[in-house]
Structure formats: C-alpha cells, structure tokens
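1. Sequence first, predicted model second:
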Amino acid sequence: MKNQRILFALFLIYFVFAILLNSVGTVILQIIGNYGISKSSASVLEGFKDLPIAVVSFLVASFLPRLGYKKAMLTGLAIVTVACVAMPLLPGFWTTKLLFFCVGVAFALVKVSVYSTLGLIAADRKQHASIMNMLEGFFMVGVLSAYWVFGYFIDSDHPQSHSWLQVYWVLAVLCALTFALLATTPFNEDMAALPAGRSIAQDFAAMLKLFFKPLVCVFVITAFLYVLVEQSVGTWLPTFNNEILKLPAAMSVQVTSIFAACLAAGRLSAGVLMRKLNWYPVLNACVVGMAAMVLLALPLTRDVVPDPNVSWSTAPIATFLFPLIGLFMAPVYPGINSVMLSSLPKNQHSAMTGLLVIFSALGGTTGSLITGYVFGNFSGHFAFYLTLVPISIVLIMLYFFKKAVDGGTDGFDASAIISGQH
C-alpha cells in the first residue's frame, strides 16, 4: 500500500510536468499569432526549457540524495505553481520564456528524483522495466491531455486572443494538489544514501567519471539522438498541421494528440511486451518502423488544398497517418533507460539520471532549433525528412549499446565497464 501511494504520487507528478513540458509546440503556435513572433524566435522556447534542465541536472544530480528526493520534488512543484499563476497575470513573450525556464529548473529536480525513487521501489530488473514503461506511458497520457486542455481554451477565430492563457489557472491548481499529495506521502530513502565521509565535490567527480565509461557514453548518445527526433516531431507537429496540412489552429493542436496517444499506448503496452521479449530486437524493430512511417506518410502531405470547412472526417489522410510514428517511438526511451539504470547500484541512479537528463535536454533543444530553422527557411517537409538522419544513427548506436551491456564479441562486461574495471 505504501509503495502504491508513492507510485501514484510519482505518476501524478509526471502527468503534471508532461502537460507543461510538451505544451511548447502549442504555445509556439499561439505566441506567433498573439505577439507576432517569428518561427526562429519562437523556437528559443525549447531552449529556455531544456537548457535549465541540463544545467541544473549537471549541478545537483550527483548530490541530490543528500537533499532528499521528496524535498527536491516538492521544490519543483512549488516553482511551477508560481510560474503558472504568472502567465495569465503578466501576459507577454518574456513571461512565456520565464515559464519554460522555471519548468526546466523544476523538471531537472523532479526527473532525477522520480527515476531514482523507482530504483528504490522496484524489486528486480523486470519490475523496473515494467514500472519505467508505465511511468513514461502515463507521461504521454499527460501529453495527450495537454493538447485537448489547451485546445479547449484556444480561440481559432481570433489568433490574437489571450483566452488560451486561462489554461494556466487550471494547471496551477493541479500543481498545488500534487504538492499536497506528495507532502503527505511517506518516503524511505535510506537505500539511496551516498558513501559516508564523501564530500559534495567527490560526489560531483564520481558523476563525471561515470560519463567516461564506454557503456554510459553509448547510452547518453543514443538517448540524445532519440529525444532529438521525438522533440522535433512533437514540438513542430501543431505548426506542420496548421501550415502544411491547412488545418485550423485548435484542430492542429488537437490532432497532435494522436501522436501523444500513440506514444502512451506504445509505452504502456511495451511494459507488458518487454517482460517476455528481449529488449534489443524490440527496439530495433521500433527504430526501423519510425523510419518507415516518415517515408510512407510525408509524401502524402504534398499539395494539400485548403478547406475552410475541414473537419476530422474530411482532413487529409496524412493527418492521421504520420502521428502513428509515436507507436514505434514509444518503447525506445524507457527501454534504454531501464537497461542502463538496472545495471547500476541504487546509490548511483541519481548521478546516472542526471547525465540522462542533461543529454535528453540538449537533444530536445537541438532538435527543436534545427527543425524550427529548417521549417522557417526551407520547408516543413524537408524539416521532417531530416529526422531520418538521427533515426539511422540510433539504429547503429543500439548495436553498440547491446554489445556493451551483454558482452558482445569482444567480451565486454557491463558491470566491469560501469565500475571502470574493464
């Protein structure tokens, strides 16, 4: 019962941050109309979110067990509650930047704490993988909800309307309720205790040394490239729907929920699938499927004729086909994360998650900036075709990741590689 309450609190925290983090694409679409911001300028919002995630994770992940995971999560929730209240009270592009900066700082504290807490709860590697996929699947349920919640407040007939900002009152209340639940949930963090007598500087040095292990290097590069692809698609899909598929603003946002729904369904089902199958062939099939969807769907988005009376039943077929790429994307991220963390002692999960968060954040920012630049200066089609490059590299990196984890032909041993004994 105790672990169930902790898991419920963790899932709710992830649900809240899923809405905030993945609203960037929707917010970009709205501020372009509200404040006359260019696509290139609007794309910096991803950086305001992701760079603080990277910096804060780098600075605090190694000694977060000293602060306490629960305290870190409460701090993160308090920060975003205040930021959400500021959005409707002080509307402006600078407030939007501040919001995503706060979301980035808070999520760095939250993600490291949530992932590390999973290690304290899970009994074995299989249970860890199952919970990880369920957590990430529930995260995507939050993303799915975000498109509809924001879409409800958007006024498609008046692009300059600030009605969409009222959604932040709902989010502020949700953050406050989550804070209250977490504050009253007991935690036992004894297993995460760092070695006695070690200084904060030594904690930080231990995290940096972790990065230079071959297995960890391959892992973080794979995570970086995966997030680059996911954020490229997720952030710019509402704008793609609006400008390339000629859908109304609100519908462009709501249709993107199909992508989130596919990610949610894929991750929740992967929690069951990966209990029975080896992770490597599953993830390889998923990456190949991602590339296939890009090559199949994008040609269908050419020469779409605007229809002022377009509806869900008359929208172009590509509207519903391309978001299905989320089904294939879904198991990759939680799959590699679980394999990596399950190979480490519990007191190293915080440091490892810190490295994961840093490179995930950098991947998200890089993907959004590149896609935004190419979208604005070339075309949306070319921008999405470019995702085939990192997708291909991910497929290659998965081979080296498995080689390091399982031993491969050169006799690598994962535990020895991680500990530096190889």
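-> That came through, no problem.
2. Distance-wise, check the residue nearest to Ala78 when sequence neighbours are not counted relative to Leu12.
-> Counting by Cβ to Cβ, 6 or more residues apart in numbering, Phe179 is the residue found nearest to Ala78 once chain neighbours are left out, at 6.4 Å. Any C-beta I mention is one placed from the backbone N, CA and C, and that applies to glycine too. Phe179 is 10 Å from Leu12, where distance means Cβ to Cβ, to the nearest Å.
3. Neighbour count for these two, which is higher?
-> Remark: of Phe179 and Leu12, Phe179 carries more neighbours, 20 against 17, as counted by other Cβ atoms under 10 Å.
4. Next one, pLDDT for that one please.
-> pLDDT recorded at Phe179 is 93.
5. Could you export stretch 350-367 as CSV, keeping only the C-alpha atoms?
-> What follows is stretch 350-367, C-alpha atoms only, in CSV (Å, rounded to 0.1, in the frame of the first residue of the first chain):
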residue,chain,number,x,y,z
SER,A,350,20.7,9.8,-9.2
ALA,A,351,24.1,10.6,-10.9
MET,A,352,23.2,8.4,-13.9
THR,A,353,19.8,10.0,-14.3
GLY,A,354,21.5,13.4,-14.1
LEU,A,355,23.6,12.5,-17.1
LEU,A,356,20.5,11.2,-18.9
VAL,A,357,18.5,14.4,-18.2
ILE,A,358,21.4,16.6,-19.4
PHE,A,359,21.7,14.9,-22.7
SER,A,360,18.0,14.5,-23.2
ALA,A,361,17.5,18.2,-22.6
LEU,A,362,20.3,19.0,-25.1
GLY,A,363,18.8,16.7,-27.6
GLY,A,364,15.4,18.3,-27.3
THR,A,365,16.8,21.8,-27.7
THR,A,366,18.9,20.8,-30.7
GLY,A,367,16.0,19.1,-32.4
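6. Check whether Pro306 really touches Lys246, as I assumed.
-> Yes - applying Cβ atoms under 8 Å as the test, Pro306 and Lys246 come out as touching, 4.2 Å apart.
7. higher neighbour count, those two?
-> Taking neighbours as other Cβ under 10 Å, Pro306 and Lys246 compare with Lys246 leading, 17 against 8.
8. which ones are touching that one?
-> If you count contacts by Cβ atoms under 8 Å, 6 or more residues apart in numbering, Lys246 has them with 304-307, 310.
9. and the residues you listed, which are buried?
-> Among those, those classed as buried by 16 or more other Cβ atoms under 10 Å are 304, 310.
10. out of the contacts of Lys246, who's nearest Asn188?
-> Taking Cβ to Cβ as the measure, Val310 is the one of the contacts of Lys246 closest to Asn188, at 54.2 Å.
11. possible to save the contacts of Lys246 as CSV with secondary structure, pLDDT and distance to Ala183?
-> As requested, these are arranged in CSV below (DSSP: H, G, I helix; E, B strand; the rest coil; pLDDT from 0 to 100; distance: Cβ to Cβ, whole Å):
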residue, secondary structure, pLDDT, distance to Ala183
Val304, coil, 78, 50
Val305, coil, 78, 54
Pro306, coil, 75, 51
Asp307, coil, 78, 51
Val310, coil, 82, 47
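12. Just give me the closest of the contacts of Lys246 to Phe328.
-> Nearest to Phe328, judged by Cβ to Cβ, of the contacts of Lys246 is Val304 at 24.1 Å.
13. give me every residue that touches that closest one.
-> Residues counted as contacts of Val304 (Cβ under 8 Å, 6+ apart) are 244-246, 316, 318.
14. So for Gln421, what's the pLDDT?
-> Per-residue pLDDT puts Gln421 at 40.
15. Likewise for Ala404?
-> Ala404 carries a pLDDT score of 79 in this model.
16. rewinding a little: does the residue nearest to Ala78 sit in a helix or strand, and which one?
-> helix 167-183 (DSSP states H and E).
17. List the buried residues in the next helix or strand after that helix.
-> Moving toward the C-terminus from helix 167-183, the next helix or strand (DSSP H and E) is helix 200-211. By neighbour count with 16+ other Cβ under 10 Å, helix 200-211 contains the buried residues 203-204, 206-207, 210-211.
18. Past helix 200-211, which element shows up next along the chain?
-> Beyond helix 200-211 toward the C-terminal end (DSSP H and E), the next one is helix 214-243.
19. what angle separates that next one from helix 200-211?
-> Angle of helix 214-243 versus helix 200-211, following axes from the mean of the first three to the mean of the last three Cα atoms, to 10 degrees, is 80 degrees.
20. Can you point out the buried residues in helix 214-243?
-> Within helix 214-243, the residues scored as buried using 16+ other Cβ under 10 Å are 214-243.
21. repeat for stretch 17-36
-> 17-34.
22. Kindly report the same for stretch 256-266.
-> For stretch 256-266, by 16+ other Cβ under 10 Å, it's 256-266.
23. ok, so of those, who is nearest Ala351?
-> For the buried residues of stretch 256-266, the nearest to Ala351 is Leu263 (27.3 Å; Cβ to Cβ).
24. show me what contacts the closest one?
-> 137, 140, 143, 326-327, 329-330.
25. ok, which pair from these is furthest apart?
-> Val143 and Leu327 (14.3 Å).
26. among the buried residues of stretch 17-36, which are in helices?
-> Among these, the members found in helices (DSSP state H) are 17-21, 24-34.
27. circling back: got the angle between the helix holding Phe179 and helix 24-35?
-> Using the same axes, to 10 degrees: helix 167-183 against helix 24-35 is 140 degrees.
28. Counting by contacts, list what helix 167-183 packs against.
-> Contacts defined by 3 or more Cβ pairs under 8 Å, 6 or more residues apart in numbering; DSSP states H and E place helix 167-183 against helix 2-21, helix 69-89, helix 125-153.
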